[in-house]
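*Asks:* everything below, folded, please.
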Amino acid sequence: MLAGTGTQPTGVACKSPQTQVSEIESYISRNGMQIGRIWLDIEPTSGECNAWNLGASANTALARQYASIIRGSSYNWGVYANGNQWSGMFGSRSVDIASDLPLWAVQFDRTPGVNTVTTFMGGWTTAYAKQYWLDTTLCGGGVDLNSFLG
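*Replies:* Numbering: from 1, shown residues only. All right, here's what the predicted structure looks like:
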């Protein structure tokens, strides 16, 4: 789930963090989907509802709000994030948003294996997953390559 907030160009407010989380969880439940883990995508985006252009303090408060909501969920959640973007969003690599949740680390070094993650941030010291190759082609389609534990 790509976290977002703010106001759309049309003037319509983007959905609140609670509404976004509730809607995705409701969709999963309603459709009988068996999901092992839902990932909260914390990275800057362009376009509507970009959550991470509010300044370090407001970005940190918003990310912690998302973390609080997903911790209270009956679903398993984790955080997908890029350590190289962390300081730009939160003011420092050391800002801890949700290090108690599993991390899907982005490290584009073309080296598979969760144990090869070296760019940690936000209190994490281990990763559950690693995205190691962006925008490659496999079987004729565009994919990103990832490694996961177990």
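
*Asks:* ok, now which ones touch the residue most central in space within the chain?
*Replies:* For the chain, the residue nearest the mean C-alpha position is Asp41 (1.9 Å; Cα atoms, centre = their mean). Listed by Cβ atoms under 8 Å, 6 or more residues apart in numbering, the contact set of Asp41 reads 1-3, 80-81. Yep, even glycine has a C-beta here, placed from its N, CA and C like the rest.

*Asks:* now swap in Phe108 and tell me
*Replies:* So Phe108 contacts 131-134 (Cβ under 8 Å, 6+ apart).

*Asks:* mind saving the C-alpha coords of the lowest-mean-pLDDT helix or strand in the chain as CSV?
*Replies:* Within the chain, confidence by mean pLDDT, DSSP states H and E is lowest for strand 129-138 among all helices and strands, at a mean of 92. Taking C-alpha atoms only, strand 129-138 is exported to CSV below (Å, rounded to 0.1, in the frame of the first residue of the first chain):
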residue,chain,number,x,y,z
ALA,A,129,13.0,-8.9,2.2
LYS,A,130,15.3,-7.1,-0.3
GLN,A,131,14.5,-5.4,-3.6
TYR,A,132,17.9,-5.7,-5.5
TRP,A,133,17.2,-5.0,-9.1
LEU,A,134,14.8,-2.5,-10.6
ASP,A,135,13.1,-2.5,-14.0
THR,A,136,14.5,-5.6,-15.6
THR,A,137,12.8,-7.9,-18.1
LEU,A,138,11.9,-11.4,-17.4
